[in-house]
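> Take a look and give me a structure for this.
(4 chains)
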Number of protein chains: 2
Amino acid sequence: MSQLTVLRSYALKSNPATLPPSVLLSHSETSVTLFDAFPKSIFHFLILPRPQPSLSIFDLANLSSLLKCDNSKAKSVLLTMKEEAQSVKDMIESEMMKRYGFKWGIWTGFHAVPSMEHLHLHVLSNDLCSPRMRKKQHYQSFHPKHGFFLHLDDVLSWFDAEPSYYDTVSQLKKSQYEPLLKGDFECWKCERVIANMPALKSHLQEEWDKEMQRETAKLKRKQKSPDLPTAKGTDALETVPKERRSPDAA
Amino acid sequence: MSQLTVLRSYALKSNPATLPPSVLLSHSETSVTLFDAFPKSIFHFLILPRPQPSLSIFDLANLSSLLKCDNSKAKSVLLTMKEEAQSVKDMIESEMMKRYGFKWGIWTGFHAVPSMEHLHLHVLSNDLCSPRMRKKQHYQSFHPKHGFFLHLDDVLSWFDAEPSYYDTVSQLKKSQYEPLLKGDFECWKCERVIANMPALKSHLQEEWDKEMQRETAKLKRKQKSPDLPTAKGTDALETVPKERRSPDAA
DNA sequence: TATTCCGATAGTGAC
DNA sequence: GTCACTATCGGAATGAG
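Residues are numbered from 1 along each chain as shown, chains lettered A, B, ... in the order given. As a prediction, this is how the structure comes out:
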């Protein structure tokens, strides 16, 4: 199975439960939720809508094709995905508490120009610390303010806008969104300009370490709890099952 | 000593004989001949003119600065270098016969835009087979028809041309000659277009192996000699003394 | 077009 | 913006005691 179409093959499974546990997190009648095979954060999942009698695999090819459907149908699909995303978010936050003793941000959205076929909603923690975060475009494609990463709630708001705006924005033209990846290379959190990828990775790790220390200290003050989790860095635990981790160094 | 100025330091030596034998091939009152530290062919030498009472180290900075001198003085320097080049060429051909049993082409010329300071005349065999031939620009800079490699006899012919032509061509402007390196990437011998450097290196090796086989067969027919040299490829022998070879694979 | 080191960039192929 | 692989391109430093 080619990487280009593997998501489609998962969405087409009549019984997603047959997917290996290293791939499948959960599924329902309307969606399949996967461990991202190349997570760009400590937590990173993909939610795939499944075809329905009224919703073909072609309608679900990507966000643009979905938005070309009847508006109410498209919106309904996205709202269902949002429900599933909320459930995944809850699970992630539960894991965050269990493993790290505190919670941090989670983003839910689409890439404006995806490379893999079949609509997939990213749900990922905002640390962006992962050995698979390797290329500038990886990072830029998740930057929450560059416009390439389309937050689900922003996409949903398009339905309430002028039809002409909806028509324009829902085309998701490569020529319009691709340049956004070449924008300023800076930390999304502190807006510092970053020289290159090694510097970015160090900086993101520092940012997250600082957040962990801040939150851990906060909890200690509030709860005076003596037995908090003590995991440090991102090496210790990932949502990707061990057996499918690639051998990258952190 | 920086690589940028090392040639100048050699040319300034009051006694070139103190240079290590791994660097120095020979010297005279007017020139120093070196083993190229990074030979791009099986045989590759550099001839450096030495400063004289009437010829400063600044005049000898590069070809352009030399050509700005009095015409007869500049021509005289080049003619002296040509004599030395002929002597080096004779030596190379003698080595070719001794090591390989046949002779092949030798080029004598300057790079229009050199990277190292102090005028240096390249004298190299036209196999272009060497582990140090690694980058496209290495190859392009020696291509005999691209115009970046200035054959010594061509440069000498400038003195017989219109003064306006001489003035223009002798400026050797980077903006004029640099683009020549981006030209077609093809075998100088058979004009086949080459995809990339690994392909070029294979092709050049094949071309030279073919030449060797052709010449060896020719000699066998003519001389019916049973004990010709049998060296194959470029690994066996180089003009660069063993102790200063870098550990590159062929 | 001196090299070397590092990083970014570009094209390919994948079933 | 799927990855992995290969090759190319691009800038910066290069000495010295």
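> Could you list the low-confidence segments of chain A?
Low-confidence regions of chain A, defined by pLDDT under 70, span residues A:225-250.
> For the closest residue to DNA strand C within it, grab the count of nearby residues.
Using Cβ to the nearest atom of the strand, the point where chain A gets nearest to DNA strand C is residue A:196, with a distance of 3.0 Å. In short, each C-beta sits where N, CA and C put it, glycine included. Using other Cβ atoms under 10 Å in any protein chain shown, residue A:196 has 9 other residues around it.
> before we move on, what about residue A:59?
If you count neighbours by other Cβ under 10 Å, residue A:59 ends up with 21.
> For it, give its distance to DNA strand D.
To DNA strand D, residue A:59 is 19 Å away according to Cβ to the nearest atom of the strand, to the nearest Å.
> Show me what whichever strand or helix holds residue A:77 is packed up against.
Per DSSP states H and E: residue A:77 is located in helix A:71-100. Helices and strands touching helix A:71-100, as assessed by 3 or more Cβ pairs under 8 Å, 6 or more residues apart in numbering or on different chains; DSSP states H and E, comprise strand A:24-27, strand A:31-35, strand A:44-49, helix A:63-67, strand A:106-111, strand A:121-125, helix A:152-157.
> Mind putting the ones you listed into a markdown table with mean neighbour count?
A markdown table is the format used below for those (neighbours: other Cβ atoms under 10 Å in any protein chain shown):
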| stretch | mean neighbour count |
| --- | --- |
| strand A:24-27 | 18 |
| strand A:31-35 | 23 |
| strand A:44-49 | 25 |
| helix A:63-67 | 20 |
| strand A:106-111 | 21 |
| strand A:121-125 | 26 |
| helix A:152-157 | 15 |
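> Quick check on the residue of chain A closest to DNA strand C: phi, psi?
Backbone torsions for residue A:196, taken as degrees, to the nearest 10, come to phi -160, psi -180.
> and the gap between it and residue A:206?
For residue A:196, the distance to residue A:206 equals 15 Å [Cβ to Cβ, to the nearest Å].
> now do residue A:68
43 Å.
> List the buried residues in the helix holding residue A:77.
For helix A:71-100, a neighbour-count test (16 or more other Cβ atoms under 10 Å in any protein chain shown) marks A:74-75, A:77-78, A:80-82, A:84-85, A:87-89, A:91-93, A:95-96, A:99-100 as buried.
> Check the offset of that helix from the chain's centre.
How far helix A:71-100 lies from its chain's middle: 11 Å, per Cα atoms, centre = their mean, to the nearest Å.
> same deal with stretch A:28-39?
With Cα atoms, centre = their mean, you get 11 Å for stretch A:28-39.
> Now do the contacts for residue A:183.
Neighbour list for residue A:183: A:140, A:143, A:146 [criterion: Cβ atoms under 8 Å, 6 or more residues apart in numbering or on different chains].
> Give me the buried entries from these.
When the contacts of residue A:183 are checked for burial by 16+ other Cβ under 10 Å, the buried set is A:140, A:143, A:146.
> which ones among these are found in helices?
If you go by DSSP state H, the buried ones among the contacts of residue A:183 have residue A:140 in helices.
> Just send the buried ones among the contacts of residue A:183 back as CSV, with distance to DNA strand D too.
As requested, the buried ones among the contacts of residue A:183 are exported to CSV (distance: Cβ to the nearest atom of the strand, whole Å):
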residue, distance to DNA strand D
A:140, 7
A:143, 10
A:146, 11
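> Could you export the buried ones among the contacts of residue A:183 as a markdown table, including distance to residue A:172?
Shown next, in a markdown table, are the buried ones among the contacts of residue A:183 (distance: Cβ to Cβ, whole Å):
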| residue | distance to residue A:172 |
| --- | --- |
| A:140 | 16 |
| A:143 | 17 |
| A:146 | 15 |
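> just the buried ones among the contacts of residue A:183 now: which is nearest residue B:192?
residue A:140 (40.6 Å; Cβ to Cβ).
> Looks like the closest one contacts residue A:146 (just checking).
Yes: contact status for residue A:140 versus residue A:146: in contact at 6.1 Å, counting by Cβ atoms under 8 Å.
> shared neighbours of those two, anything?
Common neighbours of residue A:140 and residue A:146, counting by Cβ under 8 Å, 6+ apart, are A:180-181, A:183.
> Quick one: name the residues of chain A near DNA strand D.
By the rule Cβ under 7 Å from any atom of the strand, the part of chain A lying against DNA strand D is A:3-4, A:37-38, A:40, A:111, A:113-116, A:132, A:135, A:137-139, A:141-142, A:174, A:178, A:181, A:246.
> Appreciated, that's everything.
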